[in-house]
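Enquirer: one predicted model, sequence on top.
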Amino acid sequence: MTSDLELFQSIMLGITQAKRVDALLPMIVSGLVERADFALARIWLIRSETPVADAEDEERFLRLSASAGSSREDGRLWNGLKGEFARIRIGALKIGHIAQSREPLHLDEHEIIDSHWTAHPDWVAREGIKGFAGHPLIFRDEVLGVLAVFSRKRISPNQFRWLRLFADQAAVAIANAGAFEEIQNLRQRLELENEYLRTEVKENFGGFVGESAALRKVLELIDLVAGVDTSVLIIGESGTGKELVARAIHERSKRRDRACVKVNCASIPNELFESEFFGHVKGSFTGALRDRVGRFEVADGGTLFLDEVGEIPLRSQGKLLRVLQDGEFERVGEERTRRVDVRIISATNHNLSDELAAGSFRRDLYFRLSIFPLETPALRSRREDIPILAKHFLKQAAARSNVPAPRLTRTNVQDLMDYSWPGNIRELQNVIERAVILSRGGTLRFQLQEVAANLSTQIIPAPATQKQWLESQRANIKAALKQSHGKIYGKGGAAELLGVRPTTLSSRIAALGIKRKVI
């Protein structure tokens with residue numbers, strides 16, 4: 001006959017290798033029910049991530065974290081974690097008393113029926129419960145929670161003592177699994193932070209270049225907002241340096257020692273938004289082969305840059321709003337609530353006012369993101385910076401191509417000044433680099449889009465609103481469509497002529513109500 005010691009040792013051997021708390025706890029209670037023949041086994045834990053009103057309340061409640069057993073009346077399983085005893089105040093009922101006193105509690109058949117500790121004596125009678133044993137889970141003098149069992153047989157003093165030893169070992173296993181899980185999370189965070197840092201080094205070719213009043217205004221606003229944790233919404237056309245502005249705000253902030261994590265919202269499939277933002281646990285969906293840390297966890301203590309924020313699906317915006325308001329989220333497939341401290345900087349080249357009117361962007365999320373709006377000027381609004389930028393990009397391109405820097409002539413500068421730059425600074429950089437490659441150290445010639453000849457070379461003042469700017473593009477778009485015979489995508493299409501993405505151009509055509517058939 002198996003002794004109590006051998007019985008509890010056999011259960012413990014099966015759980016010592018568990019490296020996740022959420023996997024370990026069910027193994028403990030299931031082992032007690034299946035091998036030790038208890039009717040019901042449960043574990044309550046004091047969890048630091050429990051969402052509460054204030055920090056002082058976090059240690060006042062125990063939360064049901066694992067349950068196993070079944071009813072003899074109808075065979076119903078008792079593995080749910082909700083209900084009357086899902087949350088117990090420390091000091092209340094027998095479970096709360098065990099946590100508060102740090103002492104075990106043993107009730108025999110008569111005590112459990114007549115005792116003031118029993119909340120439902122009718123359930124005890126109906127299920128034939130004849131014994132209760134509860135032990136605090138203590139690790140390094142800290143109460144982690146409570147392990148409790150209900151038995152349809154008498155719990156002997158010897159069995160009660162071995163259960164105490166088992167609870168002590170279980171507390172060690174829980175603490176070790178929690179530590180291992182935290183190490184894994186930190187390792188994943190470090191790997192992702194390193195990945196983002198490598199990306200930053202690769203993509204960030206330098207700081208701001210120019211002397212225009214428009215650029216000086218942007219730099220003043222960056223210095224103004226960098227020192228506070230206010231959410232910033234950067235508005236501007238494609239290629240105007242919105243990401244550079246976001247990184248400048250981060251580098252001048254108190255969060256500069258932590259990661260600035262970029263998320264391109266337009267590149268994430270709709271069904272993976274929650275996983276990308278909040279992470280997931282293994283097996284939560286097809287393809288979830290291991291636990292994954294989300295972008296919010298990677299950016300904890302730092303900055304999260306949401307590029308093209310207008311592309312976030314409407315169904316995901318509510319969960320994003322919650323983490324912005326409360327700093328709380330759950331990984332996909334996990335009930336555990338996690339907390340983060342993240343500053344949000346977002347950017348868009350869309351008119352979010354139109355998105356609000358169309359119902360595709362939440363008004364409350366918009367106001368949460370746009371506490372401090374900052375507009376990046378188009379290159380046509382800072383034409384005096386074009387020669388300075390051209391020299392800067394010329395030097396960089398020559399160094400990357402390992403050729404002497406060609407001379408930038410007055411004619412070259414005039415050609416650059418006369419062009420409309422629909423792709424802004426990004427287009428200027430690409431044009432310079434292409435010219436350096438083709439020059440082979442000789443004369444510098446720019447291959448500006450042919451559509452430039454059909455577009456006005458007048459200096460256009462910066463529009464007051466995004467709507468006004470969009471309207472100012474009507475003539476350019478019509479000219480490009482006319483030259484491409486209505487073609488948007490592919491080589492020779494209007495998008496290529498204008499230096500913008502086809503999807504962006506399609507959105508502008510729709511917003512302006514331009515009819516391609518009459519062009």
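Expert: Thanks, I have the structure now. Numbers count the residues shown, from 1 in each chain.

Enquirer: quick one: contacts for G236?
Expert: When contacts are counted by C-beta atoms under 8 Å, 6 or more residues apart in numbering, G236 touches K242, A347, N349, E375, T376, P377, A378. Heads up, the C-betas are built off the backbone N, CA and C, glycines and all.

Enquirer: which residues of the stretch 351-500 of the chain fall in helices?
Expert: 352-358, 363-369, 386-401, 410-418, 424-439, 466-472, 474-483, 494-498 (DSSP state H, counting those that start in this stretch).

Enquirer: lowest mean pLDDT across these, which one is that?
Expert: Among those, helix 466-472 carries the lowest mean pLDDT, a mean of 59.

Enquirer: starting at the chain centroid, how far to stretch 116-131?
Expert: 46 Å (C-alpha atoms, centre = their mean, to the nearest Å).

Enquirer: what of stretch 141-161?
Expert: Its chain's C-alpha centre and that of stretch 141-161 lie 41 Å apart, by C-alpha atoms, centre = their mean.

Enquirer: same deal with stretch 309-318?
Expert: Using C-alpha atoms, centre = their mean, the offset of stretch 309-318 from its chain centre is 13 Å.

Enquirer: for stretch 150-170, same thing?
Expert: Its chain's C-alpha centre and that of stretch 150-170 lie 44 Å apart, by C-alpha atoms, centre = their mean.

Enquirer: gap between the two ends of stretch 135-148?
Expert: End-to-end distance for stretch 135-148, by C-alpha to C-alpha, to the nearest Å: 6 Å.

Enquirer: whoops, stretch 494-513 was the one
Expert: End to end - C-alpha to C-alpha - stretch 494-513 spans 16 Å.

Enquirer: got it, and stretch 124-137?
Expert: By C-alpha to C-alpha, the extent of stretch 124-137 from end to end equals 25 Å.

Enquirer: tell me who's in contact with I129.
Expert: Counting by C-beta under 8 Å, 6+ apart, I129 has contacts A39, I112, W123, F150, S151, R152.

Enquirer: neighbouring strands for the helix or strand where the fourth one lies, and are they parallel or not?
Expert: Think F150. Per DSSP states H and E: F150 is located in strand 142-151. Using DSSP bridges, the strands paired with strand 142-151 in its sheet are strand 40-45 (antiparallel), strand 131-139 (antiparallel).

Enquirer: who's in contact with the longest one?
Expert: Under the contact criterion C-beta under 8 Å, 6+ apart, strand 131-139 has outside partners 43, 45, 94-95, 98-99, 101-109, 112, 117, 143-151, 153-155, 159-160, 163-164, 167-168, 170-172, 174-175.

Enquirer: now the buried members of those.
Expert: Taking 16 or more other C-beta atoms under 10 Å as the criterion, what is buried in the contacts of strand 131-139 is 43, 45, 94-95, 98-99, 104-107, 109, 112, 143-151, 155, 159-160, 163-164, 167-168, 170-172, 174-175.

Enquirer: now do the buried residues in stretch 337-351.
Expert: For stretch 337-351, the neighbour count (16+ other C-beta under 10 Å) marks R338, V340, V342, R343, I344, I345, S346, A347, T348, N349, H350, N351 as buried.

Enquirer: same question, stretch 70-81
Expert: For stretch 70-81, by 16+ other C-beta under 10 Å, it's W78.

Enquirer: ok, residues contacting that stretch?
Expert: Defining contact as C-beta under 8 Å, 6+ apart, one finds that stretch 70-81 is touched by 26, 33, 39-40, 64-69, 126-128, 152, 335.

Enquirer: can you rerun that using 10 Å?
Expert: Under the criterion C-beta atoms under 10 Å, 6 or more residues apart in numbering, residues 26, 29-30, 33, 39-42, 63-69, 86, 123, 126-129, 150, 152, 335 lie in contact with stretch 70-81.

Enquirer: can you flag which of these belong to strands?
Expert: Counting by DSSP state E, the part of the contacts of stretch 70-81 found in strands is L40, A41, R42, R63, L64, S65, A66, S67, A68, G69, F150.

Enquirer: before we move on, back to that, most surrounded residue in the contacts of G236?
Expert: Compared across the contacts of G236, A347 has the highest neighbour count, 26 neighbours, by other C-beta atoms under 10 Å.

Enquirer: that residue and C265, how far apart?
Expert: Separation of A347 from C265 (C-beta to C-beta, to the nearest Å): 10 Å.

Enquirer: could you do T376 as well?
Expert: 18 Å.

Enquirer: ok, back up a step: could I have the buried ones of the contacts of stretch 70-81 as ChimeraX selection syntax?
Expert: Selection of buried members from the contacts of stretch 70-81 for ChimeraX, criterion 16+ other C-beta under 10 Å:
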select :26,29,30,33,39,40,41,42,63,64,65,66,67,68,69,127,129,150
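
Enquirer: flag the shaky bits of the stretch 1-150 of the chain, pLDDT-wise.
Expert: 1-19, 47-60 (pLDDT under 70).

Enquirer: one more pass at 90, please.
Expert: Residue ranges of the stretch 1-150 of the chain with pLDDT under 90: 1-37, 46-63, 65, 72-76, 79-84, 86-93, 108-122, 124-127, 140-142.

Enquirer: helices along that one, start to end?
Expert: Using DSSP H, counting those that start in this stretch, helices in the stretch 1-150 of the chain cover 4-15, 21-35, 93-101, 109-114, 121-127.

Enquirer: out of these, nearest to W421?
Expert: Nearest to W421, of all those, is helix 21-35, at 54.1 Å by C-beta to C-beta.

Enquirer: list phi and psi for the residue lying closest to G227 once chain neighbours are set aside.
Expert: In this structure, G227 finds its nearest non-sequential neighbour in S253, 6.7 Å apart by C-beta to C-beta, 6 or more residues apart in numbering. Backbone torsions of S253, given as degrees, to the nearest 10, read phi -100, psi 170.

Enquirer: could you check the pLDDT of S253?
Expert: At S253, pLDDT is 93.

Enquirer: output the contacts of I129 as CSV; include the columns distance to A133.
Expert: Below are the contacts of I129 laid out as CSV (distance: C-beta to C-beta, whole Å):
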residue, distance to A133
A39, 12
I112, 10
W123, 17
F150, 9
S151, 8
R152, 13
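
Enquirer: so which pair among the residues you listed is furthest apart in space?
Expert: Maximum pairwise distance in these, criterion C-beta to C-beta, is 14.1 Å, between W123 and S151.

Enquirer: contact partners for Q100?
Expert: Residues in contact with Q100, defined by C-beta under 10 Å, 6+ apart, are R60, L62, R89, I90, G91, A92, P136, V143.
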